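# Could you look at this predicted model? Sequence included:
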Amino acid sequence: MAAEKLKGQLTAMAGQLEVLTKRHAALARAFTRHSNFAVGTAPGAVLQIVPFPDGQYPSDCGLPVLDTIAAVENLTTQQRNDYLCYYYPDQALRGTTAERKKLLLIALGCNPF
């Protein structure tokens, strides 16, 4: 009886933790994207690392750090596609290489225009 009650409490806490994780990820995404927008796309600009919508960071997924515009430009096609799949999980990959770069810059909070 006590074990079932404890299991129920743990399940509830796990659900609450998941909600908090998503809220934290959303806040971190908003902050880092705003910061990246503020620094612009100058060649020497240092970008903040933007977490994915699920709360993971690129390093959690084995992806290279995108802390400069040059780092974005130097991605392989596969790495760029992987980033886009994480940043836009509900969308199919589409567009030219240039369009995909723009989508990635938008996900990072940069203004690619």
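It's in.
# List the buried residues in the lowest-mean-pLDDT helix or strand in the chain.
The helix or strand of the chain with the lowest confidence, counting by mean pLDDT, DSSP states H and E, is helix 2-39 at a mean of 87. Residues 25, 28-29, 32-33, 36 are the ones in helix 2-39 that count as buried (16 or more other C-beta atoms under 10 Å). C-beta: built from backbone N, CA, C; applies to glycine.
# I'd like to know how far the residue sitting nearest the centre point of the chain sits from Arg33.
The centroid of the chain falls nearest to Phe52 when counting by C-alpha atoms, centre = their mean (2.3 Å). With distances taken as C-beta to C-beta, to the nearest Å, Phe52 is found 12 Å from Arg33.
# what do you get for Leu27?
11 Å.
# before we move on, what about Gly15?
Separation of Gly15 from Arg33 (C-beta to C-beta): 27 Å.
# again with Leu105
For Leu105, the distance to Arg33 - C-beta to C-beta - is 11 Å.
# re earlier: mind putting the buried residues of helix 2-39 in CSV, distance to Cys110 included?
Formatted as CSV, the buried residues of helix 2-39 follow (distance: C-beta to C-beta, whole Å):
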residue, distance to Cys110
Ala25, 19
Ala28, 17
Arg29, 14
Thr32, 11
Arg33, 9
Asn36, 5
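# Report the angle between the helix or strand hosting Gln78 and helix 2-39.
Secondary structure assignment for Gln78, by DSSP states H and E: helix 77-87. Angle of helix 77-87 versus helix 2-39, following axes from the mean of the first three to the mean of the last three C-alpha atoms, to 10 degrees, is 120 degrees.
# Quick one: mean pLDDT for helix 77-87?
For helix 77-87, mean pLDDT rounds to 97.
# Kindly report the same for stretch 101-113.
90.
# quick one: buried residues of that stretch?
Buried residues in stretch 101-113 (16+ other C-beta under 10 Å): 101-105, 107-110.
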